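Student: Curious how this folds, go ahead:
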Amino acid sequence: MSDTPTTRSGFAALIGRPNVGKSTLMNALIGQKIAAVSSRAQTTRRKIQTVYTDDRGQIVFLDTPGVTRAKNKLGDFMLETSRNAVAEVDLVLWLVEPSTFIGAGEQTILEKLKSTKVPVILAVNKIDTANQEQVEKSIETYKKEMDFAEIIPISAEKNENLARLLEVIFRLLPEGPLYFDPDTVTDERMRDIAAELIREQALKHLDKEIPHGIAVLVDRFSERPDGRLTDIDATIVCERESHKGIIIGKKGAMLRTIGTAARKEIEDMLEQQVNLKLFVKVRPNWRDNTMLLKEYGYNMKK
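Tutor: Down below sits the predicted model:
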């Protein structure tokens, strides 16, 4: 009998309603900020893929958009992305908050998961915001709804019980070789991550409905010959002229605030200095324009 340890590998989809902490969890598990994080809905719009590798094997995480009712073609894209992710993975990690109320979003997810043939882990996130009794009652509530492979209380924000979560994921994944080089953290392009980080800062600093109507395009991403600095030109796309004025702010103050915060995040990611220039462009109703959605990276099948 061989003494070589078994290597397990596979794809794990992170699903849940908006703001439940999927991107925060994925970033915490891989130890690097890849996905945009904010308290607003629709922070994650595309399927973002990251890779965790250790001596046990390799987990390829798919962070999906929050499951919610679609209001436009962008919403259709996000809903389709979440549904397709569940159908193409080896394991599903469903994040919920510690509550005994199972809302419409969770019910929609439940109906989908009941027909899946892969193991489903229920992760009760944000346990740092609840007491033990609330967490236990939440677990009992969900146990009545479905037979989960495992139920694990965690806090992605506080890094609580994540080692246990990884242990269970590896146990449930099939045996197999590594899909990516052990040093790979994501197959996302750096320019796409930069766009996400810029959008994240816009989400954090802008008010009301404006963030839902913006996209970020990186027009230039160029490292200088000496390797000490990367030049990035990016455009924030919005739907109304009035929104453009708010994004720019008085004498350009808001745009500078967004740019300064985003530049720091991108420099941390690239580990080098960044020269970031931001521009703002109006594209009315781009969220319902199939051609523009495709141009902005949201490829619709229809």
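Student: Put the alpha carbons of the helix or strand encompassing residue 123 into CSV.
Tutor: Assigned by DSSP states H and E, residue 123 belongs to strand 120-124. The C-alpha trace of strand 120-124 is given here as CSV (Å, rounded to 0.1, in the frame of the first residue of the first chain):
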residue,chain,number,x,y,z
VAL,A,120,-24.2,21.0,0.2
ILE,A,121,-22.5,22.6,3.3
LEU,A,122,-24.5,25.1,5.2
ALA,A,123,-22.3,27.8,6.7
VAL,A,124,-24.0,30.0,9.2
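Student: what's next to that strand, contact-wise?
Tutor: Residues outside strand 120-124 that contact it (Cβ atoms under 8 Å, 6 or more residues apart in numbering): 25, 91-98, 113, 135, 138-139, 142, 146, 148-154, 165, 168-169, 172. To be clear about C-beta, it is placed using only N, CA and C from the backbone, and glycine gets the same treatment.
Student: Can I have the buried ones of the residues you listed as a PyMOL selection?
Tutor: Buried members of these, defined by 16 or more other Cβ atoms under 10 Å, are picked up in PyMOL with:
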select buried, resi 25+91+92+93+94+95+96+97+98+113+135+138+139+142+148+150+151+152+153+154+165+168+169+172
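Student: Can you show me the strands along this protein?
Tutor: Taking DSSP state E, the strands of the chain run over residues 8-15, 48-54, 57-63, 91-96, 120-124, 150-153, 215-223, 229-238, 273-282.
Student: quick one: average confidence on the fourth one?
Tutor: To tie it back to what came earlier, the one meant is strand 91-96. In this model, strand 91-96 carries a mean pLDDT of 94.
Student: strand partners of it, parallel vs antiparallel please.
Tutor: Note on strand 91-96: by DSSP bridges, its sheet partners are strand 8-15 (parallel), strand 120-124 (parallel).
Student: Can you lay out those as a markdown table showing mean pLDDT, distance to residue 159 and mean neighbour count?
Tutor: Putting the strands paired with strand 91-96 into a markdown table (pLDDT from 0 to 100; distance: least, Cβ to Cβ, whole Å; neighbours: other Cβ atoms under 10 Å) gives the following:
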| stretch | mean pLDDT | distance to residue 159 | mean neighbour count |
| --- | --- | --- | --- |
| strand 8-15 | 92 | 16 | 22 |
| strand 120-124 | 96 | 13 | 23 |
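Student: nearest to residue 181, of the ones you listed?
Tutor: strand 8-15 (12.6 Å; Cβ to Cβ).
Student: Report the angle between that closest one and strand 48-54.
Tutor: 140 degrees (axes from the mean of the first three to the mean of the last three Cα atoms, to 10 degrees).
Student: now strand 8-15 and strand 57-63, what's the angle there?
Tutor: Going by the same axes, to 10 degrees, strand 8-15 makes 20 degrees with strand 57-63.
Student: got the contact list for strand 8-15?
Tutor: With Cβ under 8 Å, 6+ apart, strand 8-15 has contacts from 22, 25-26, 56-64, 67, 82, 85-86, 88-95, 109, 169-171, 173-179.
Student: Can I get that strand in CSV? Just the C-alpha atoms.
Tutor: Provided in CSV are the C-alpha atoms of strand 8-15 (Å, rounded to 0.1, in the frame of the first residue of the first chain):
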residue,chain,number,x,y,z
ARG,A,8,-8.4,16.0,-3.1
SER,A,9,-9.4,18.7,-5.6
GLY,A,10,-12.6,20.2,-7.0
PHE,A,11,-14.8,23.2,-7.5
ALA,A,12,-16.9,24.7,-4.7
ALA,A,13,-19.6,27.3,-5.4
LEU,A,14,-20.3,30.0,-2.8
ILE,A,15,-24.0,30.9,-2.9
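Student: What is the burial count for residue 63?
Tutor: 23 (other Cβ atoms under 10 Å).
Student: What residues are bridge-paired with it?
Tutor: Going by DSSP bridges, residue 63 forms beta bridges with residue 14, residue 48.
Student: Was I right to think it contacts residue 22?
Tutor: Yes. Using Cβ atoms under 8 Å, residue 63 makes contact with residue 22 at a distance of 5.4 Å.
Student: related to what we said a few turns ago, turn the strands paired with strand 91-96 into JSON lines, columns for distance to residue 274.
Tutor: Formatted as JSON lines, the strands paired with strand 91-96 follow (distance: least, Cβ to Cβ, whole Å):
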{"stretch": "strand 8-15", "distance to residue 274": "28"}
{"stretch": "strand 120-124", "distance to residue 274": "34"}
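Student: hmm, who's touching stretch 232-242?
Tutor: 191, 194-195, 198-199, 202, 210, 213-222, 244, 247, 255, 258, 266, 274-287, 296.
Student: ok, 6 Å please
Tutor: 194, 198, 213-221, 244, 247, 274, 276-284 (Cβ atoms under 6 Å, 6 or more residues apart in numbering).
Student: With distance to residue 291 added, can I get the strands of the chain in JSON lines?
Tutor: Formatted as JSON lines, those follow (distance: least, Cβ to Cβ, whole Å):
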{"stretch": "strand 8-15", "distance to residue 291": "29"}
{"stretch": "strand 48-54", "distance to residue 291": "23"}
{"stretch": "strand 57-63", "distance to residue 291": "26"}
{"stretch": "strand 91-96", "distance to residue 291": "33"}
{"stretch": "strand 120-124", "distance to residue 291": "37"}
{"stretch": "strand 150-153", "distance to residue 291": "43"}
{"stretch": "strand 215-223", "distance to residue 291": "13"}
{"stretch": "strand 229-238", "distance to residue 291": "13"}
{"stretch": "strand 273-282", "distance to residue 291": "15"}
